[in-house]
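Undergrad: structure here, sequence nowhere to be found:
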DNA sequence: GTCTATAGCTGGATAGAC
DNA sequence: GTCTATCCAGCTATAGAC
């Protein structure tokens, strides 16, 4: 027999398969080739189901990107909480990057970001999904920079946005790089390594450094 | 009368109008909406001309992006040559960003980069156009870092790629940002300002800094 | 809830008139 | 060199059978 619950669960199943299929299509074929037919055939159902369940293709993309980003961010929230230095943060970024090749949430965001430049309906869901990442990055940065000479010298909110934007740009560039090019993340690792080492300076050098930073702070307003 | 030269010049005119129209379409409507019909109507000519002049839409995009990037890079080559510090480099990036709103070469590259993730035919022309930028950035960075403590500590080629990738990510993020968000470039300016100030350290502090950097250099291989 | 069928577009690409 | 005409594939969105 077919109860209301069976129907509802079967309906949810198709609905979720459509979300999964939508993300896979963006990731593997690019935002330009996301169409109702294409996504539906991946989900193994009919095109019309998209309009039944979501009303439009855009609403499907909105739902799918938000849900998957939420899941992805939640798993990283724990890991971000254990990070204790910029060095570890970049190392975590490296792990993330490796997992990206498989799961591709950032890849999806990059595609939506590109699409959102000119597609009004894509803008809001993209901004919302991005904000989920930015919020986590910002919280981590704020924690790391607290009680360091850098605190107060840097606009952490803006910095978190810059870091997120850079990460997306790096993901995009990796996507078309030949196999022999150095990974942009490795370079970043070098830089942060350097920065950290400088900040860990002890003794006379460290004192001089912190004094100089105080000078920067005091004259920070006028450039 | 109609001489062979007249014909050739009229042909070139249409050909170039098509290139201009292709770029405008990518910039204003996004890579997803670039179609032969769409571009041709912008150029004020018939769709079939694209296949006559370029053979395919992809070849039109290849030609257009390379030509426009060459022009754009050439104008910046001069300005990059006058840059004397990281601070000035970031300031120039700010100017570039402002001009981008009007001319949009980086916007075009960002769109092609997004498209190139999944479209084989777009990959090569995108990589070629990007390489034009990366080459200039790399030359400038190499010049700036020469004779500083950073020389030899950083993989300049990789760094130039990272910087370029980050710039593109930033352009993309600006494209969907609300008006009240801080520009990621401003944050970058803060950071580089800080870095420069540190590198300009004189006296005891500077000596300690350079000593520490030497230590980083010597242990640079094993992390 | 899921399907088929359909309307009405837009797409790439080519053939052939001029 | 540029046009019209054309083929056929794919698209969104809806109507309506089951």
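TA: Looks like it arrived, so ask away. Predicted, not measured: the structure shown is a model, and the values here were computed from it. Residues are numbered from 1 along each chain as shown, chains lettered A, B, ... in the order given.
Undergrad: run through chain A and note the low-pLDDT ranges.
TA: A:1-11, A:199-210, A:212-223 (pLDDT under 70).
Undergrad: okay, now the domains of it?
TA: A:1-55, A:62-218 (automatic domain parsing).
Undergrad: which one of the ones you listed lies nearest to chain B?
TA: domain A:62-218 (2.4 Å; CB to the nearest CB). From N, CA and C alone the C-beta is placed, and that goes for glycine too.
Undergrad: what are the phi and psi values for the residue nearest to residue A:137 when sequence neighbours are not counted?
TA: Nearest non-adjacent residue to residue A:137, counting by CB to CB, 6 or more residues apart in numbering or on different chains: residue A:160, 4.4 Å away. Main-chain dihedrals, residue A:160, degrees, to the nearest 10: phi -60, psi -40.
Undergrad: neighbours around residue A:157, how many?
TA: 16 (other CB atoms under 10 Å in any protein chain shown).
Undergrad: revised request: answer the last question for residue A:109.
TA: Residues near residue A:109, counting by other CB under 10 Å: 26.
Undergrad: that one contacts residue A:168, doesn't it?
TA: Yes - counting by CB atoms under 8 Å, residue A:109 touches residue A:168, with 6.5 Å between them.
Undergrad: distance check, the residue nearest to residue A:137 against residue A:15.
TA: Noted for residue A:160: a distance of 33 Å to residue A:15, by CB to CB, to the nearest Å.
Undergrad: could you do residue A:26 as well?
TA: Taken as CB to CB, the span from residue A:26 to residue A:15 is 17 Å.
Undergrad: one more: residue A:83?
TA: Residue A:83 is 36 Å from residue A:15, by CB to CB.
Undergrad: ditto for residue A:151
TA: Counting by CB to CB, the gap from residue A:151 to residue A:15 is 46 Å.
Undergrad: those two: which is more packed in?
TA: Neighbour comparison, residue A:151 and residue A:15: the larger count goes to residue A:15, with 18 against 13 (by other CB under 10 Å).
Undergrad: ok, for that one, nearest residue in space, not its chain neighbours?
TA: With CB to CB, 6+ apart, the residue lying closest to residue A:15 is residue A:53, at 4.8 Å.
Undergrad: the helices in chain A, which residues?
TA: A:4-29, A:36-43, A:48-53, A:57-81, A:86-103, A:105-116, A:120-145, A:156-176, A:184-199, A:203-218 (DSSP state H).
Undergrad: and for residue A:91, the neighbour number?
TA: 16.
Undergrad: looks like it contacts residue A:189 (just checking).
TA: Yes - contact status for residue A:91 versus residue A:189: in contact at 7.5 Å, counting by CB under 8 Å.
Undergrad: ok so, going back, next up, the contacts around the residue nearest to residue A:15.
TA: A:11, A:14-15, A:18, A:60 (CB atoms under 8 Å, 6 or more residues apart in numbering or on different chains).
Undergrad: which one of those residues is nearest residue B:32?
TA: residue A:60 (16.3 Å; CB to CB).
Undergrad: for the closest one, which non-adjacent residue is spatially closest?
TA: residue A:54 (4.1 Å).
Undergrad: over to residue A:114?
TA: residue B:114 (3.2 Å).
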